[in-house]
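Asks: got a predicted structure here, sequence first:
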Amino acid sequence: MRLRQLIIAAMAALTACSQADVLTGTLTEKASLSSPDGNLNMKFCISEKGEPVYSLNFGDKEVILPSRLGYEFRGVLKAQKIVFGENDIQKVDDEPCWSFRDGFAVESIDTCSFDETWNPVWGEESEIRNHYNELAVNLVHTSSDKRMTIRFRLFDDGLGFRYEFPEQKNMAYFVIKDELTEFAMAGDNEAIWIPADYDTQEYEYTKCRLSEIKGIYETVFCGNSSQTPFSKTGVQTSLQMKTDDGLYVNIHEAGLVNYSCMHLVLDPKTLTFTSALTPDAQGWKGRMQTPCKSPWRTIQVVDDACKQLESRLVLNLNEPCAYEDVSWIHPTKYVGVWWEMISGKGSWSYTDECPSVHLGETDFSKCKPNGTHSANNENVRRYIDFAAEHGFDQVLVEGWNIGWEDWANCNKDYVFDFVTPYPDFDIKALNDYAHSKGVKLLMHHETSSSVRNYERHMEAAYNLMNQYGYDAVKSGYVGDILPFGEHHYGQWMNNHYLYAVTEAGRHHIMVNAHEAVRPTGLCRTYPNLVGNESARGTEYQAFGGTQPMHVTVLPFTRLNGGPMDFTPGIFEMDLGKVTGGKNNSHVNATIANQLGLYLTMYSPLQMAADFPEHYEKFMDAFQFIKNVEVDWERSKYLLAEPGDYIVVARKGKKTGKWFAGGVTDEEKRTLDVPLYFLDAGKQYEAVIYADAEDADYQTNPQAYVISARTVTSSDVLTMTMARGGGFAIEFNEI
């Protein structure tokens, strides 16, 4: 632990030093690039020191001021020099780190344009246009004769660029000390951010000016079971900002493969962000072999918040689908044995008699059941029956496998085997029963972040799924990473996450990974990655609550790189009633808000997360969850402001039916919702699920009204959302 703290402190000091080194001198413009519609313009320059520099404008508005690009590399591949001290012996690098940010010359420049339309396996729409102009700057580092290409792609909605390293004799392998990409903001933008952290994104969002981040950082910081913050001006991507002249600017990355996750560290004096990669156990940021490339660094710039939500820039910067056969990949609507344990009503563990489990030795058949184990035969059958009766595809069951008695925060290597059920979970009988009802079980693999253990059991675990007919798995990475010193968002772990997805692909298994690195559009290439958590989800409503603003931010930030398994649909907000007073947390939402989330929080994997008995009390509202689709032909964002509200309409791929939904923050809002997305000349019955007049997320969250009216595409619906509220609409053609 002491070594980790020293490494983090040293990295913070190095970051501070790099921020003090500012861009000076004359810039020589080498190339420029415009977006296809001409609104965005980028310039590429070389400074007097030979530094690559770029800038970005939207029309006559500056967005990114001249910003430097480049790296600092380790002097050697590994420490080999032995140094004998008076009392100790150290092994150190025998060459110093060196700069790969200055001393460059342009060898050549290539340009091209590209325009295609591609069809995602699942998504918010059935067709996506990928249209950009490209500039590739081929550079030579004059003192070392090493080469690098910086490739820029400018879309109508933003810029993507990456570093490419060709295979070369004098640079076959290298180690990254720091990536030094800069994003010099043109103004003190309003930002919606979460703290930079090498291990978690499960934070609440804060809205403030860039210049205010450092001053309020400690007051908004919250704890987590595994977290590694490292800078009081550090933020995570996707970072959503708004300029004073009304532009929406978002910084993220795309195509994160064999590389460390990028954070951003702000210099409050210059309002310049510098990339900060997640380090490995030794403090280095990447170990590379040429030919290789970085992920794309993305800057989305639009003049309307709805355009940001409709941007597919991150997806477009990823490679096409890697699978020839995708017939086994499908959207899923599911229920599950999960909220019982999250709320505190039930438990994952089978017994209270085994504080130290030894897999292969502990005999659970001789242990006294604790009476709270939720993944038991009777309870699972109850969920299967409920799913079958109401048209759900699958039933998630957590806590089915042995090892949950000492799984968390024990830094335990051999923690689960992913194949052995508890005595009260008959895996064959339950799967047979589900299949007889037209339902499948959804597998759960909690790894407890013991990654070596998961990989040693992965093939057997996936084979077990194939044996019993599972086609989807929810995986989890709770706790500190084993091997020790690695982080959730480092290069080593990012390679593991993708390995789990591609190995699952060989078995025709879909993956929903929780606590993994936040998505960067890889679901285009590997569409069996149907979901991630990678943010503060609904579970935190049971851990003390989450502010209503949260769900008006996530589509701008976390969902920018891919769908989130947010697990909406909670109808009983008072968890004291659920747990007999053991957990008095309150879900900060209304029922209408929970319905609206099925539209605003896109995912091809949607859960109805509450207990069956809670839905049975509100079957008229539950009808919307039963009816709403999860895969879409078209999506149209109608009204949006990050941190305030979102309203979206979607046309189902399965039935062609339109749905609409909206959510708001802590403010009660009345919005005029246009219906121009409906087919002209047709009439529709709009079935409206809305907050009641006296609804409020704190005082009256279960108050809602359901009404119906005839509408056309020329109509406008005036919708009032309570504090923490929302609405949902189903349109049936007459």
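Replies: Alright, I've got the coordinates. Since the structure is predicted, the reported quantities are computational estimates derived from the model, not experimental observations.
Asks: please make it C-alpha for all contacts and neighbour counts, starting now.
Replies: Noted.
Asks: using PDB, list the CA coordinates for stretch 244-261.
Replies: Provided in PDB are the C-alpha atoms of stretch 244-261 (Å, rounded to 0.1, in the frame of the first residue of the first chain):
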ATOM      1  CA  ASP A 244     -20.800  30.700 -22.800                       C
ATOM      2  CA  ASP A 245     -21.800  31.100 -26.500                       C
ATOM      3  CA  GLY A 246     -24.000  28.000 -26.400                       C
ATOM      4  CA  LEU A 247     -21.800  25.200 -27.800                       C
ATOM      5  CA  TYR A 248     -21.800  21.800 -26.300                       C
ATOM      6  CA  VAL A 249     -18.300  20.300 -26.100                       C
ATOM      7  CA  ASN A 250     -17.600  16.700 -25.000                       C
ATOM      8  CA  ILE A 251     -14.200  15.100 -24.600                       C
ATOM      9  CA  HIS A 252     -13.900  11.300 -24.600                       C
ATOM     10  CA  GLU A 253     -12.000   8.500 -26.300                       C
ATOM     11  CA  ALA A 254     -12.900   5.800 -28.800                       C
ATOM     12  CA  GLY A 255     -11.500   2.400 -29.600                       C
ATOM     13  CA  LEU A 256      -9.700   1.700 -26.300                       C
ATOM     14  CA  VAL A 257      -7.700  -1.400 -27.100                       C
ATOM     15  CA  ASN A 258      -4.400  -2.600 -25.600                       C
ATOM     16  CA  TYR A 259      -3.900   0.800 -24.000                       C
ATOM     17  CA  SER A 260      -4.700   2.600 -20.700                       C
ATOM     18  CA  CYS A 261      -7.800   4.500 -20.000                       C
END
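Asks: pull out the buried positions in it.
Replies: Buried residues in stretch 244-261, defined by neighbour count with 16 or more other Cα atoms under 10 Å: 247-261.
Asks: show me which pair in these is furthest apart.
Replies: Taking Cα to Cα, the two most distant members of those are L247 and N258; they sit 32.8 Å apart.
Asks: who's in contact with the residue nearest to V326 when sequence neighbours are not counted?
Replies: Once flanking residues are discounted, V326 sits nearest to V121: 7.4 Å by Cα to Cα, 6 or more residues apart in numbering. Listed by Cα atoms under 8 Å, 6 or more residues apart in numbering, the contact partners of V121 are V326, I329, P527.
Asks: related to what we said a few turns ago, out of the buried residues of stretch 244-261, which are inside strands?
Replies: Among the buried residues of stretch 244-261, DSSP state E puts Y248, V249, N250, I251, H252, E253, A254 in strands.
Asks: can you give me the strands in the stretch 501-650 of the chain?
Replies: In the stretch 501-650 of the chain, the strands defined using DSSP state E, counting those that start in this stretch lie at 510-514, 529-532, 605-607, 632-641, 645-652.
Asks: pick the most deeply packed of these.
Replies: strand 529-532 (a mean of 27; mean count of other Cα atoms under 10 Å).
Asks: what residue ranges in the stretch 451-600 of the chain are flagged as low confidence?
Replies: Applying pLDDT under 70 to the stretch 451-600 of the chain flags no residue at all.
Asks: quick one: contacts for the residue nearest the centre of the chain?
Replies: Nearest to the mean C-alpha position of the chain, by Cα atoms, centre = their mean, lies R518 at 3.4 Å. Going by Cα under 8 Å, 6+ apart, R518 touches Q201, N532, E533, S534, A535, R558, G561.
Asks: low-confidence stretches in the chain?
Replies: For the chain, the stretches with pLDDT under 70 are 1-20.
Asks: what ranges do the helices span in the stretch 601-734 of the chain?
Replies: For the stretch 601-734 of the chain, the helices defined by DSSP state H, counting those that start in this stretch occupy 612-616, 619-627.
Asks: for D94, find the nearest of these.
Replies: The closest of those to D94 is helix 619-627. By Cα to Cα, the value is 62.8 Å.
Asks: what sits up against that closest one?
Replies: Contacts with helix 619-627, where a contact means Cα under 8 Å, 6+ apart, come from H390, G391, F392, G569, L595, Y598, A608, Y615, Y689, I706, A728, E730.
Asks: which of these are buried, as a ChimeraX select command?
Replies: To isolate the buried members of these in ChimeraX, using 16+ other Cα under 10 Å:
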select :392,569,595,598,608,615,689,706,728,730
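Asks: quick check: the farthest pair among the contacts of helix 619-627?
Replies: Across these, the longest distance by Cα to Cα is 22.7 Å; it joins F392 and I706.
Asks: which parts of the stretch 351-500 of the chain are strands?
Replies: 394-397, 440-446, 472-476.
Asks: go on, the stretch 101-250 of the chain?
Replies: In the stretch 101-250 of the chain, the strands defined using DSSP E, counting those that start in this stretch lie at 104-118, 128-141, 146-155, 158-165, 173-179, 182-185, 190-193, 206-209, 234-236, 239-242, 248-254.
Asks: so can I have TSV of the ones you listed showing distance to E218?
Replies: Shown next, in TSV, are those (distance: least, Cα to Cα, whole Å):
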stretch	distance to E218
strand 104-118	40
strand 128-141	41
strand 146-155	37
strand 158-165	32
strand 173-179	26
strand 182-185	23
strand 190-193	13
strand 206-209	12
strand 234-236	12
strand 239-242	19
strand 248-254	23
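Asks: need the CA coordinates for stretch 155-175. PDB is fine.
Replies: The C-alpha trace of stretch 155-175 is given here as PDB (Å, rounded to 0.1, in the frame of the first residue of the first chain):
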ATOM      1  CA  PHE A 155     -17.000  14.900 -38.700                       C
ATOM      2  CA  ASP A 156     -19.900  17.300 -38.700                       C
ATOM      3  CA  ASP A 157     -20.200  16.700 -34.900                       C
ATOM      4  CA  GLY A 158     -16.600  16.700 -33.800                       C
ATOM      5  CA  LEU A 159     -13.000  15.600 -34.100                       C
ATOM      6  CA  GLY A 160     -11.200  12.400 -33.500                       C
ATOM      7  CA  PHE A 161      -7.400  11.900 -33.600                       C
ATOM      8  CA  ARG A 162      -5.000   9.200 -32.600                       C
ATOM      9  CA  TYR A 163      -1.300   8.500 -32.600                       C
ATOM     10  CA  GLU A 164       0.100   5.700 -34.900                       C
ATOM     11  CA  PHE A 165       3.500   4.100 -34.600                       C
ATOM     12  CA  PRO A 166       4.700   2.200 -37.700                       C
ATOM     13  CA  GLU A 167       6.900  -0.800 -37.400                       C
ATOM     14  CA  GLN A 168      10.500   0.500 -37.300                       C
ATOM     15  CA  LYS A 169      13.900  -1.100 -36.400                       C
ATOM     16  CA  ASN A 170      14.800   1.600 -33.900                       C
ATOM     17  CA  MET A 171      11.400   1.500 -32.200                       C
ATOM     18  CA  ALA A 172      10.100  -2.100 -32.000                       C
ATOM     19  CA  TYR A 173       9.100  -1.800 -28.300                       C
ATOM     20  CA  PHE A 174       8.600   1.200 -26.000                       C
ATOM     21  CA  VAL A 175       7.200   2.100 -22.700                       C
END
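Asks: nice, that's everything, thank you.
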